[in-house]
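**Q** Got a sequence here, can you build the structure:
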Amino acid sequence: MGDYEIPEELRYSREDEWTKSEDGRVTIGVTDYAQQQLGDVVFVELPEVGRSLEKGEPFGVIESVKTVADLYAPLSGEVLEINEALVEAPESVNDDCYGEGWMVVISIADPADQSELLDRAGYLQHIKDRADQDQ
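**A** Numbers count the residues shown, from 1 in each chain. Got it, this is the predicted structure:
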């Protein structure tokens, strides 16, 4: 299995998004594993501020030199902010996926939904399980 940066303090979806919760606001981005699988990111399409996201539903698109993939909402909530810098610098997702490469900030509809997200160990196991299936 590859070498991936998976921070301990974040929570993860099975669709390879990370979440960071602070004061009822949740920042969302794609994981290091996801950005490595995608390759060089060339375009990111994000939702409008004010849009309601439904957990598990697509909320945007990420395009790399290799593929185009949907971004899936790990939690339901309303979009408070989007990372407009990604329009001009989508490569930030590759360079700093947990920092400058964040995607959106939402206010979560139900904080209890966060308990369904994976911790670091669970997400690493999820990556390993998928790699085992691909062999």
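**Q** counting contacts, what elements does the longest helix along the chain pack onto?
**A** In the chain, with assignment by DSSP state H, the single longest helix is helix 120-134. With contacts taken as 3 or more CB pairs under 8 Å, 6 or more residues apart in numbering; DSSP states H and E, helix 120-134 sits against strand 11-12. C-beta coordinates here come from the backbone N, C-alpha and C atoms, glycine included.
**Q** mean confidence for the strand it packs on?
**A** The pLDDT scores in strand 11-12 average 98.
**Q** And the helix or strand of the chain with the lowest mean pLDDT, what's buried?
**A** Lowest mean confidence among the helices and strands of the chain (mean pLDDT, DSSP states H and E): helix 120-134, at a mean of 93. Of all the residues in helix 120-134, those buried under the rule 16 or more other CB atoms under 10 Å are 123, 124, 126, 127.
**Q** any idea where the strands of this structure begin and end?
**A** Remark: strands assigned in the chain by DSSP state E are 11-12, 17-22, 25-30, 41-45, 52-53, 58-64, 68-72, 77-82, 104-108.
**Q** contact partners of the first one?
**A** The contact list for strand 11-12 (CB atoms under 8 Å, 6 or more residues apart in numbering) reads 6, 18-21, 31, 74, 114, 117-120, 122-123, 126.
**Q** I am finished for the moment; much appreciated.
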